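>>> Model the structure of this input:
(chains A and B)
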Amino acid sequence: MDLLPGTLDMLVLRTLLAGSLHGYGIAKNIRSASNEALDIEFGSLYPALKRLEAKGWIASAWETSEHNRRAKFYKLTAAGRKRLVREHSKWAGFVSAVGRIMGTLPEVKG
Amino acid sequence: MTIRNRIKYLWPERRRREEREMREELGSLIAIAGSRDLGNLTLAMENVRATWGWTWLDSIFVDIRYSLRALGRQPAFAAVAVLSLALAIGANSAIFSFADALLLRPLPVKNPAALFDVGSTTPDNSLEGMSFPDYRDLRDKSRSFSGLAAYRLTTLAAAANPAAPAQIRFASLVSGNFFAVAGVTPSAGRAFLPDEATPSAQPVTMVSYDFWQQNYAGGRSAIGSRLRLNGIVFTIVGVAPASFTGLDRFVRPSIFVPLWMAQRLDGEPADPLEDRGRHDLVVKGRLSAGVSRESAQAELAIIGAALEREYVKTNRNRRMAIRTELQRRIRQTPQLLALVKMLMGLVALILIIACSNVANLLLARSRARSREIAIRLSIGAGRRRVVRQLMTESLIVAMAGGAAGLFVAYGGILLLQTLSVPSDPPNVLGVQLDWRVVRFSLLAALGSCLFFGLAPAWQTARTDFVSALKAGGEGTSGKGRTFGRDVLVAGQIALAMVVLIAAGMFLAGFRNMLAMPPEFRTDHLITLDTAPAVLHYSPEQTKAFYRRLVDRVRTMPGVAGVAMTEALPLSPAQTVVTVVPEGYQFPKGRETEVAFGAAVDAGYFSALNVEIKRGRAFTDHDRAQSRRVAIVNQQFAKTFWPDQDPIGKRIRLGSADGPAAATERSESVGTECCERCAGRSVCFKRLADRANCPPESSAGGRDERCGIMDDRSMRTPDKDPSSHTARNEFAEMSSLTPCS
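Numbers count the residues shown, from 1 in each chain, chains lettered A, B, ... in the order given. Just a heads-up that it's a prediction; the model follows:
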């Protein structure tokens, strides 16, 4: 399933709310949390991470992973949290508005 | 990304650090996940770099490095291309600096584009100056200008102390607000104060930066020290900055004096500032904010019409006109505009030839490079990208040519600087290598890069890379390509012929000028400028001085003849007189014509060996009390009295700047043959009757006369001691140095 444009940033922020992760971990996490429905290309996720970092919404630091490997871990900053709250309410408003129009699909005569 | 972050990334070290960090991070992830799961990492990195925002800059550096390597591999090509561009751009820049000095350079004031010339015009003369009363009325009534300044050029005898010999210097008599309107701040001391522009003030003066350096070695003590100008003691209050060379193209005043001092400096009986008929001031105005030139012109028309109603005698048919500095210069010297256009056109042709030369070289080279380009295209480089790469190469060649061209230009400028107009004090033709010339060179280089680079680059990038690779380096050599090169070569030869023919014609014309026999004798002549008015001689003293001067020169050993005139033939300082020739039908709207005129004495024509074609020369019997007589040249006679006998015709004669009342009736008694004296001219006899001719009657209120001595025995002036004696005697008599 393809992502709606502009939702990737929000997904990354939401994923990092649970705790810090490295780049590949974020991709894996989004995939499993969506029941494999959203398969994010790492190639497009990685530039998004750098963009969010440059905006100051996430921060990165070198840490050691559970398998004792060094990797760069990303975590949410205070500004990122605020951003997430805003994005979330916008998203919820959008979903309910679209939902009210679409509703459940009635019988459509072909 | 914020601007601040973006600028941080401009620093290459920062980008290198990020790059290292990114590669390390991705390396660690490959170790965790394996590269297959991570997908296209090259693309990911490329995308990240794009967010830094400076990939284009990096790629430009890459292009430049690559271009330099490519040029380094073909040094002969690079050298020929750069050399031909350098010669062409150098010639263009040198001629540009010449054109700049003659016509184009803006005034050395603050915001020169906002400073306009305000002149008065009559149907006979569209370039007249303004009288002080007219200027004063305009200044007080006008609402369009934030400031209106007036000035006039003159020469003054300047001496730092009574013992020092006076130097003749160009000076500017200026209104009190002159420096404020120009927006020029003194580099030392201060500008004139408002109350120093009134006659009750003490005489104060400002000097130019050069004068300050030459006479006071740039010392602070110059401020407040005394300077004698025409024998009057002035106090120096300020020094103009080095960048301010006055508001005229060819004259750089050394001294600035308040306008109201004019009467005392020239020793005139009446105040010239109260003479509404004396149109000798240059007026410059700065428009107020939000006022257009058109509305200023409309206001000037109203004020001019009001002055005409009020002062019919002096202001009849007189209008005021606002012009840009360039418009004024073009009107003043339309022949210089023609010269500039012609020279710039010729050197532009040379630049076009050089560009087609380089384009041709590039086309030849593109054949040799087609395999390289084909490989780049086949591994995925876009054609646009290849064109950019090739254009970078062209740009480097052009910039190198432009930079080397500056050296060529400098050589040309040094040559042009040796051109000078003989005058005393010396005039300045400001041909110089400045930022305007450098900017022009860079622009010329940029323009020529587009001209010679674009077509070959596009053609190269259009290479059909499959066949180029197959052909093993020969590439496509279709008819179109060789045809294009043939056209270039043919065009080059055609243009070169045009330039060659034009240069040949110039040269031939110049040689003809030199070979043309002068219609007066130029050998064995010594000329001498005198200015008795500088020493405040009265008319009687002046008359006595000239009589004594002529008598003493005549009795000197080796002197064959002596003559006096107001203006030497072919010298830059010519007096223009208005004439009304008897019986001449004027074109509609005109009431007078102008001609070069000079007062001469009875010995003039014989001393200069000018043949009188018809009629007679002046004699000592032509005096003020007798019939007024004049001699016109053949051009004058042909223009105004075609197919008629000029002898006995009458002319009404007056100085072009003078009041109408000063005209006198003269009768033409002879025609001379001097055709080279730049158009029609008329000589009238007045010098012998100095007492009837007060000094202020000559234009500009100054009294400069030239003595001419014909000394036929001085064959080898350097070895003959008498020539030195003659020179020394001259110098002693007038306390001035003789000019040649």
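>>> So in chain A, which helix runs the longest?
Identified as the longest helix of chain A according to DSSP state H is helix A:78-102.
>>> so B:Ile322 bridges to which residues?
B:Val118 (DSSP bridges).
>>> OK, contacts around it?
Residues near B:Ile322 by CB atoms under 8 Å, 6 or more residues apart in numbering or on different chains: B:Phe116, B:Asp117, B:Val118, B:Gly285, B:Arg293, B:Ala296, B:Gln297, B:Leu300. For glycine as for every other residue, the C-beta is placed from the backbone atoms N, C-alpha and C.
>>> switch the cut-off to 6 Å
By CB atoms under 6 Å, 6 or more residues apart in numbering or on different chains, the contact set of B:Ile322 is B:Phe116, B:Val118, B:Ala296, B:Gln297, B:Leu300.
>>> Please report the residue range of the longest helix in chain B.
helix B:334-378.
>>> Most neighbours of all the contacts of B:Ile322, which one?
B:Val118 (26 neighbours; other CB atoms under 10 Å in any protein chain shown).
>>> Quick check: that one touching B:Leu287?
No: with contact defined as CB atoms under 6 Å, B:Val118 does not reach B:Leu287; the gap is 10.5 Å.
>>> Identify the residue nearest whichever residue of the stretch 101-250 of chain B sits closest to chain A in space, chain neighbours excluded?
For the stretch 101-250 of chain B and chain A, the shortest gap (CB to the nearest CB) falls at B:Asn111, measuring 42.9 Å. In space, and not counting its chain neighbours, B:Asn111 is closest to B:Gly183: 6.6 Å by CB to CB, 6 or more residues apart in numbering or on different chains.
>>> where does that neighbour sit relative to B:Val282, distance-wise?
17 Å (CB to CB, to the nearest Å).
>>> Compare the two and say which is more crowded by neighbours.
B:Val282 (20 against 15).
>>> May I see the buried residues of stretch B:30-39?
Within stretch B:30-39, the residues scored as buried using 16 or more other CB atoms under 10 Å in any protein chain shown are B:Ile32, B:Ala33, B:Leu38, B:Gly39.
>>> Out of the residues you listed, name the ones that lie in helices.
B:Ile32, B:Ala33, B:Leu38.
>>> what residue ranges in chain A are flagged as low confidence?
A:1, A:108-110 (pLDDT under 70).
>>> Those residues of it touching chain B, which are they?
A:23-24, A:41-43, A:46-47, A:50-51, A:54, A:69-72 (CB under 6 Å from any CB of the partner chain).
>>> Just the buried residues of the residues you listed.
When the residues of chain A next to chain B are checked against 16+ other CB under 10 Å, the ones flagged as buried are A:Gly23, A:Tyr24, A:Phe42, A:Gly43, A:Tyr46, A:Pro47, A:Lys50, A:Arg51, A:Ala54, A:Arg70, A:Ala71, A:Lys72.
>>> Filter those down to the ones in strands?
Of those, the ones assigned to strands by DSSP state E are A:Arg70, A:Ala71, A:Lys72.
>>> now B:Arg278, what's its secondary structure?
coil (DSSP: H, G, I helix; E, B strand; the rest coil).
>>> count of neighbours near it?
Count around B:Arg278 with other CB under 10 Å applied: 25.
>>> Now it. Its backbone dihedrals?
Per-residue torsions, B:Arg278: phi -110, psi 100 (degrees, to the nearest 10).
>>> who are the neighbours in contact with the nearest residue to it once chain neighbours are set aside?
Spatial nearest neighbour of B:Arg278, chain neighbours left out: B:Ser131 (5.2 Å); criterion: CB to CB, 6+ apart. By CB under 6 Å, 6+ apart, the contact list for B:Ser131 reads B:Arg276, B:Arg278, B:His279.
>>> Do me a favour and get the end-to-end distance for stretch B:105-123?
29 Å (CA to CA, to the nearest Å).
>>> go on, stretch B:645-652?
17 Å.
>>> tell me the secondary structure for B:Gly380?
coil.
>>> got the buried residues for stretch B:4-18?
Taking 16+ other CB under 10 Å as the criterion, stretch B:4-18 shows B:Tyr9, B:Arg15, B:Glu18 as buried.
>>> which outside residues touch that stretch?
A:Ala54, B:Trp52, B:Gly53, B:Trp54.
>>> Look up how far chain A lies from the last one.
Read that as B:Trp54. Distance of B:Trp54 to chain A, given as CB to the nearest CB, to the nearest Å: 13 Å.
>>> what does chain B put close to chain A?
B:1, B:5, B:25, B:28-29, B:32-33, B:38-40, B:43-44, B:47-48, B:51.
>>> ok, those vs B:Phe465, which is closest?
B:Leu43 (24.0 Å; CB to CB).
>>> what about B:Leu469, how many neighbours?
Around B:Leu469 there are 17 residues (other CB under 10 Å).
>>> again but with B:Leu507, I slipped
The criterion is other CB under 10 Å. On that basis, B:Leu507 has 10 neighbouring residues.
>>> by how many degrees do the helix or strand where it lies and helix B:334-378 diverge?
Using DSSP states H and E, B:Leu507 sits in helix B:479-515. Interaxial angle, helix B:479-515 versus helix B:334-378 (axes from the mean of the first three to the mean of the last three CA atoms, to 10 degrees): 160 degrees.
>>> so where's chain B shaky on pLDDT?
In chain B (pLDDT under 70), the answer is B:1-2, B:421-424, B:471-483, B:516-522, B:533-535, B:570-573, B:624-626, B:654-740.
>>> pull the longest strand from it.
strand B:145-159.
>>> So what touches that one?
By CB under 6 Å, 6+ apart, strand B:145-159 touches B:135, B:139, B:166-175, B:177-178, B:181, B:228-230, B:251, B:255, B:280-286, B:288, B:534.
>>> So what's the residue count around the residue nearest to A:Arg14 when sequence neighbours are not counted?
Leaving aside its chain neighbours, A:Arg14 sits nearest to A:Leu84 (6.3 Å; criterion: CB to CB, 6+ apart). Using other CB under 10 Å, A:Leu84 has 19 neighbouring residues.
>>> Also the one 3 residues further on?
Counted with other CB under 10 Å, the burial measure for A:Glu87 works out to 18 neighbours.
>>> was I right about B:Gly189 contacting B:Thr235?
No: with contact defined as CB under 6 Å, B:Gly189 does not count as touching B:Thr235 (10.2 Å).
>>> Those two: which is more packed in?
Neighbour count, other CB under 10 Å: between B:Gly189 and B:Thr235, B:Gly189 has more, with 18 against 13.
>>> Next, give phi and psi for the closest residue to B:Glu325 other than its chain neighbours.
The shortest distance from B:Glu325 to any non-neighbouring residue, by CB to CB, 6+ apart, is to B:Leu107 (5.7 Å). The phi and psi torsions at B:Leu107 (degrees, to the nearest 10) take the values phi -60, psi 150.
>>> how near is B:Leu107 to B:Phe250?
13 Å.
>>> and the two? which has more neighbours close in?
Each of B:Leu107 and B:Phe250 had its neighbours counted (other CB under 10 Å), and the higher figure belongs to B:Leu107 (19 against 15).
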